[in-house]
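>>> Show me how the following folds:
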Amino acid sequence: MNILIIDIGTSSIRGILYDKAGHILASAQRKYNLIRNPRGWVEQPVGLWEKYTAEICRKIKDIADQKNRVVEAIAITAQRSSVIPIDINGNPLMNTIMWQDTRNSHICSRLEKYNEMIKEKTGAGLNIVFSGSRMTWIKDNCPDIYKKVYKFLNIPEFIMYKMTGRFLTDYTYGSRTSLMNLRKREWDPELLEIFGIKKEQLCELLQPGSIVGWVTETFSEFSGITEGIPVISAGGDQQCAAVGQGVFDSGTISIVTGTGGFLVTTSENIPEKLSENIIINCAAVKDKYIIEANVLSCCSAFDWFCHTFYDWSDGQIDYNRINRELEMSSMEKVGEILILPYFQGKSTSDWNSDSKAVFEGVALKHTRAEILQSLVEGIFLEIADNMQQLEKYGPIEKVYISGGLTNSRVLNQMQADIYGIMLYHLVDSESTALGALMTALTEMGIYSSVEEAFHAIRGTEKIEKFNPRLPRYREYQKKKEKMQDLYRKIYK
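Predicted structure coming up:
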């Protein structure tokens, strides 16, 4: 069983063809840039998702053919809360509104009186990241477009429709809309009425890991992928990342530092007391839930700084150089500068779309490396604050880290010092794709459970461990208190 994983991220689409043991047979990637404007709008142009997905599929198929391998199934995992309105013919009516987009903030403010009820039904209070309020924004502000809307889709739903011709999704995506009743796992009539969305404008909900259809003749001709092979909705990217890191039980946490930062742990049940500060979603593992916290800017802030304050002759960041500068800067002491990393607003534990990044205490003596050090410290300190929120639901016993900011041993050690707990880093960084693979192989009957799949695929993989240095941890605790005090002075 060879399964092609399509992993649709914020800055690229990746395709990886795996065999059932998790060996990579072929891979391809297509990077892209987002359209941003000063009003907080973040979009992806019409036509790129299907174009890039087809390019990835065709490249993978060509490599597989050369190796006498066959693509036998496709599994999709993706970012979860972007919105694509389509017409009855399946054509997008406007650019994709991405998950970082903040144009819906006034919709959330308007619906604030329903917040307690929304939190009770959906597992999360009102926030600008979830997609339901984006649909409401389109209805309120784009009447000419709205009257043509046949379906509101997120990116994976759109791609799965293009592959199969069917409008199906899974609970992990439904639980990122503010429209799905988490306990019943169905679209909620009262929530639909509040947000002004019709049930028929949404996809049918299924368990994560379900086959949503089979590759059509049309998509086969477009992409080169064999007609009739199954397409599986593996679940949202962060849910799959948790599976890929073996986060099946409470007490174990996955921290992914990608474009944003995501902290995820697993729960057998919906907690009795739902906090304002934490998100409860469906897990990629059937009948389980995740408890999640978010930081909106991680690699996006890091990359912004590197591209803005360094001169790269070929336009590519030299991460070895960055590591050397960070190591020299961070070896001696904790950064003196306070940086609140709210480049796209503050998420959990205090939803505030109006907050901005703040640099405090910058003096003429400070170097570029010292400012960068304080920036990544600010990001990790924000993650540490969210870890404290997760601890309210149970003790944290084990932490796995992955994502773009874990490709540096310097930054991994910094994370351990800031979190105050040993960190585990699996050498293969493709936790999201591997989690999607495990979910898909379980659905196809190759393994009896995702736990069995994890031990078969990653059980012998090398793990790097990073122990916290307690004197540094205590210094970072003081810095975190200063950051929180600065935030209160500015935004409270």
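>>> And the average pLDDT for stretch 80-89 is what?
The average pLDDT for stretch 80-89 rounds to 97.
>>> Please name every helix or strand in contact with the helix or strand encompassing residue 465.
Counting by DSSP states H and E, the element that carries residue 465 is strand 463-466. With contacts defined as 3 or more C-beta pairs under 8 Å, 6 or more residues apart in numbering; DSSP states H and E, strand 463-466 has these neighbours: helix 409-419, strand 423-426. In this view, the C-beta of every residue, glycine as well, is placed from N, C-alpha and C.
>>> export those to CSV and tack on mean neighbour count, mean pLDDT and distance to residue 400?
Conversion of those to CSV gives the following (neighbours: other C-beta atoms under 10 Å; pLDDT from 0 to 100; distance: least, C-beta to C-beta, whole Å):
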stretch, mean neighbour count, mean pLDDT, distance to residue 400
helix 409-419, 22, 95, 12
strand 423-426, 20, 93, 5
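>>> re the thing from before, within the sheet, what are the partner strands of the strand holding residue 465, with directions?
strand 423-426 (antiparallel) (DSSP bridges).
>>> What residues of the helix or strand just after the strand it pairs with count as buried?
The C-terminal neighbour of strand 423-426 among helices and strands, as given by DSSP H and E, is helix 431-443. Using 16 or more other C-beta atoms under 10 Å as the test for burial, helix 431-443 gives 431-443.
>>> so can I have TSV of the residues you listed showing distance to residue 303 and pLDDT?
What follows is the buried residues of helix 431-443, written out as TSV (distance: C-beta to C-beta, whole Å; pLDDT from 0 to 100):
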residue	distance to residue 303	pLDDT
431	20	89
432	19	93
433	21	96
434	24	96
435	24	96
436	25	97
437	27	98
438	29	97
439	29	96
440	30	96
441	33	97
442	35	96
443	35	93
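>>> Next, format these as JSON lines and append distance to residue 414.
Formatted as JSON lines, the entries for these read as follows, by distance: C-beta to C-beta, whole Å:
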{"residue": "431", "distance to residue 414": "20"}
{"residue": "432", "distance to residue 414": "23"}
{"residue": "433", "distance to residue 414": "26"}
{"residue": "434", "distance to residue 414": "25"}
{"residue": "435", "distance to residue 414": "26"}
{"residue": "436", "distance to residue 414": "29"}
{"residue": "437", "distance to residue 414": "30"}
{"residue": "438", "distance to residue 414": "30"}
{"residue": "439", "distance to residue 414": "32"}
{"residue": "440", "distance to residue 414": "35"}
{"residue": "441", "distance to residue 414": "35"}
{"residue": "442", "distance to residue 414": "36"}
{"residue": "443", "distance to residue 414": "38"}
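>>> For residue 153, state which of those residues is nearest.
Proximity of the buried residues of helix 431-443 to residue 153 was ranked by C-beta to C-beta; the top entry is residue 436 with 19.0 Å.
>>> what residues are up against that closest one?
In this structure, residue 436 makes contact with 5, 7, 75-77, 234-235, 240, 243-244, 284, judged by C-beta atoms under 8 Å, 6 or more residues apart in numbering.
>>> rerun at 6 Å
Residues in contact with residue 436, defined by C-beta atoms under 6 Å, 6 or more residues apart in numbering, are 5, 75, 77, 234, 240.
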